[in-house]
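Student: Sharing a model prediction with you, sequence too.
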Amino acid sequence: MAIINDILDLSKIEAGKLDVEQLSVAVKGAAANVVDLFAERAAAKGIDLSVCIEDGVPAAVRADPVRLGQVLGNLVNNALKFTEKGAVGLFVEADRDKQGHVKFSIVDSGIGIPQDRLASIFSAFSQADQSTTRRFGGTGLGLTISQRLVQAMGGEIGAVSDVGHGSTFSFSLPAHETAAALHWKFDAGLLRSKLAILCVCGAATEQTLRHYLESAGFDVRLTGASTFIEACLGADLAFADLSSLEECDLRPGRVNCKIIALVALGQTDAPALHTDLLIDAVLERPVSRENFETLVTRFASGQPLQSEDVQTAEVHAFPNYSQARVLVADDSPLNLEVAQEALSRFGIKPDLANGGHVAFELCLENRYDLVLMDGSMPDLDGFETTRRLRDREKLHGNRPVPVVALTAHVVGAAASAWQDAGMNGVLHKPFTMQTMAECLGKYLTPEATDLRQSGQLALQAGVSAQRPSDLGAMDAANASDGILDPSAVAQLREMSEAGHVGFLGRVVRLYATHAPESFQSLRDAFEKRDCEAFARAAHALKSMSLNAGAQKVARLSARFEAMGRNEKALPSIGEVMNLHKEVSIACEALVALDTAA
């Protein structure tokens, strides 16, 4: 499929049929989104992945958001592919050589490219290693497509490399005419003469944090784990890897500076870390500019580095199922992100599958206590995947694994398909923490130390789907227009505040990337008059919109899905373009929500 998609993209470009939009695209969102998408892959290879956005860079470029994401994804994917150890960094800065342009650079410490091959890497079907024994796959089209897309958006792309020492791929795009410069929300003057300590593994993350701290006004000193305590004496702020902090003796009163622990994506139980390690905040890798800025803004104003409800919340607001093995299967990265975050509140670190085929293979390789399976996946849907699992279990006499359908279908034949497929139950999207807790309670046994005397779930305030009263006038305005669902937004906020810093931002960025892509699939199916494909695309858009709280888009998508699937009919072009407008409005509302958070 990847090869076919590359060839189709190149064919469109060469035939002059590729349409490229010229919109205002936020550089922070575009950069952070692509790094978030590749974070798990980088962590699996032991590669330090980071994104650094220079202060003063124009806040937005004039580009096609989908195609910009495609270019960044191609370049980061290549960097990870050709890097076995070390770091990959994405750096965004004002282009010094071309006024009014923003420069994106992807720097890796990989194998590098020989000089005699460097000039041809942007040619179609060309790769640096053309031998019959080459280690790396691919079509040789990714860089060609990236070059053509950058040129179509009014920019230029190039590369420099040193064999054995890595490569740098850079491209420059015009800043949007109305874009203001990005500047820190805090007063950097307040932080001059303040001392910050860095005890961080990974060249990219260290470089990013050092750049951010110095541009914020700090003096920065690097240290190792063995000298961390001594380095903190007289310091104001310290960043250290969790593994380094666990080696240190951080008894109360030992150091006076604020300490921030760097943790892997999805690794931390924030309240436990605050209690056990006496730290002031946690910061997830890859470090985002927004999360860094939030922490330093709190530091500059004398506030606790993380909200008090995170520091004092009960560690187990729900039963702890940390020993349970759970698989989540869904083709939407946004839906996987929400499910993973929700399950982390129960101590569960789930395996993730981005399609039915992957889910089936994982179930053959592992024994799961529970599988949460999306019904409508394009490659192999969850219902057929479950049928194959049940056939396999019968063939080998294995005990059936509990499978619960994750579905956005509430009525109609599709809403009851889980029963025919041999699934054990259903969890409707968007689920709440309450409905997730009820689902898990049916199939899993909590750790004995976390059972409640009453036998009931001890739900913390704000965990239910009720909307807090202090979410702000902007939320109320969006809700009154029907743009966002207040209860879904409240839950996303609660999960972000009580769980991992930056979760809301990741959901927003995923939606801002994948909702326009899903709409484009819907538009393509509409132009081909393909009702079935139209309904599938509408369902995908509906599903992610429900989880992101984009209720107006979800409602319109649900109507389109019903038309394509049940009526074998299509809406008018005017209605389709109205959905496009609503997707844009929802993206803007979610971005504004995250910015104000």
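Tutor: It's in.

Student: make it CA atoms for all contacts and neighbour counts henceforth
Tutor: Fine.

Student: Let me know the distance separating Phe104 from Lys28.
Tutor: 11 Å (Cα to Cα, to the nearest Å).

Student: where in the stretch 351-500 of the chain is pLDDT low?
Tutor: Low-confidence segments of the stretch 351-500 of the chain (pLDDT under 70): 408-416, 447-481, 496-500.

Student: so where do the strands sit in the stretch 401-550 of the chain?
Tutor: 403-407, 425-428 (DSSP state E, counting those that start in this stretch).

Student: The last one packs against which elements?
Tutor: Translated: strand 425-428. Other helices and strands packing on strand 425-428, by 3 or more Cα pairs under 8 Å, 6 or more residues apart in numbering; DSSP states H and E, are strand 403-407, helix 417-420, helix 433-443.

Student: Which of the helices or strands spans the closest residue to Leu72 other than its chain neighbours?
Tutor: Among residues not flanking Leu72 along the chain, Val34 sits closest, at 6.7 Å (Cα to Cα, 6 or more residues apart in numbering). Per DSSP states H and E: Val34 is located in helix 27-45.

Student: For that helix, buried residues please.
Tutor: 27-40, 42 (16 or more other Cα atoms under 10 Å).

Student: What mean pLDDT does it get?
Tutor: Here helix 27-45 scores 86 as its mean pLDDT.

Student: re earlier: which residues does the residue nearest to Leu72 contact?
Tutor: Gly69, Leu72, Gly73, Val76 (Cα atoms under 8 Å, 6 or more residues apart in numbering).

Student: Please report which of these has the highest neighbour count.
Tutor: Of all these, the highest neighbour tally under other Cα atoms under 10 Å goes to Val76, namely 24 neighbours.

Student: so that residue is in which element?
Tutor: Val76 belongs to helix 65-81, assigned by DSSP H and E.

Student: CA-only coordinates of that helix, as CSV, when you get a sec.
Tutor: In CSV, the C-alpha atoms belonging to helix 65-81 read as follows (Å, rounded to 0.1, in the frame of the first residue of the first chain):
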residue,chain,number,x,y,z
PRO,A,65,-1.5,21.2,6.2
VAL,A,66,-1.9,17.6,4.9
ARG,A,67,1.0,17.9,2.5
LEU,A,68,3.3,19.6,5.0
GLY,A,69,2.6,16.8,7.4
GLN,A,70,3.4,14.3,4.6
VAL,A,71,6.8,16.0,3.9
LEU,A,72,7.7,16.2,7.6
GLY,A,73,6.6,12.5,8.1
ASN,A,74,8.7,11.4,5.1
LEU,A,75,11.8,13.1,6.4
VAL,A,76,11.5,12.0,10.1
ASN,A,77,10.6,8.5,8.9
ASN,A,78,13.8,8.4,6.8
ALA,A,79,15.9,9.8,9.6
LEU,A,80,14.7,7.1,12.0
LYS,A,81,15.1,4.4,9.3
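
Student: So what touches it?
Tutor: 20-21, 23, 25, 30-31, 34-35, 38, 42, 47, 88, 90, 106-108, 110, 136, 142-143, 146, 149-150, 169, 513, 516-517.

Student: same thing but 7 Å
Tutor: Val25, Ala30, Val34, Ala42, Val88, Ile106, Asp108, Gly142, Ser146, Leu149, Thr513, Glu517 (Cα atoms under 7 Å, 6 or more residues apart in numbering).

Student: Point out the ones among the residues you listed that are inside helices.
Tutor: Ala30, Val34, Ala42, Gly142, Ser146, Leu149, Thr513, Glu517 (DSSP state H).

Student: With respect to Arg345, which of these is nearest?
Tutor: Distance to Arg345 across the ones in helices among the contacts of helix 65-81 (Cα to Cα) is lowest for Ala42, with 24.1 Å.

Student: mind checking how far the closest one is from Val263?
Tutor: Counting by Cα to Cα, the gap from Ala42 to Val263 is 14 Å.

Student: try Ser518
Tutor: 32 Å.

Student: Just put the ones in helices among the contacts of helix 65-81 in TSV and tack on distance to Pro174.
Tutor: Putting the ones in helices among the contacts of helix 65-81 into TSV (distance: Cα to Cα, whole Å) gives the following:
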residue	distance to Pro174
Ala30	15
Val34	20
Ala42	30
Gly142	22
Ser146	16
Leu149	14
Thr513	20
Glu517	23
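
Student: which residues of the stretch 251-400 of the chain fall in helices?
Tutor: Using DSSP state H, counting those that start in this stretch, the helices of the stretch 251-400 of the chain run over residues 270-277, 289-300, 308-312, 333-344, 356-365, 382-396.

Student: Show me how this protein divides into domains.
Tutor: Listed domain ranges for the chain are 2-174, 188-312, 326-464, 478-596 (source: automatic domain parsing).

Student: Please identify the most buried of these.
Tutor: domain 478-596 (a mean of 21; mean count of other Cα atoms under 10 Å).

Student: Can you pull out the low-pLDDT segments for the stretch 51-200 of the chain?
Tutor: The low-confidence ranges in the stretch 51-200 of the chain, as defined by pLDDT under 70, are 123-140.

Student: quick one, helices of it?
Tutor: 65-81, 115-118, 142-152.

Student: do the stretch 451-597 of the chain as well
Tutor: Using DSSP H, counting those that start in this stretch, helices in the stretch 451-597 of the chain cover 473-480, 486-498, 503-527, 531-548, 551-562, 573-596.

Student: No further questions, thank you.
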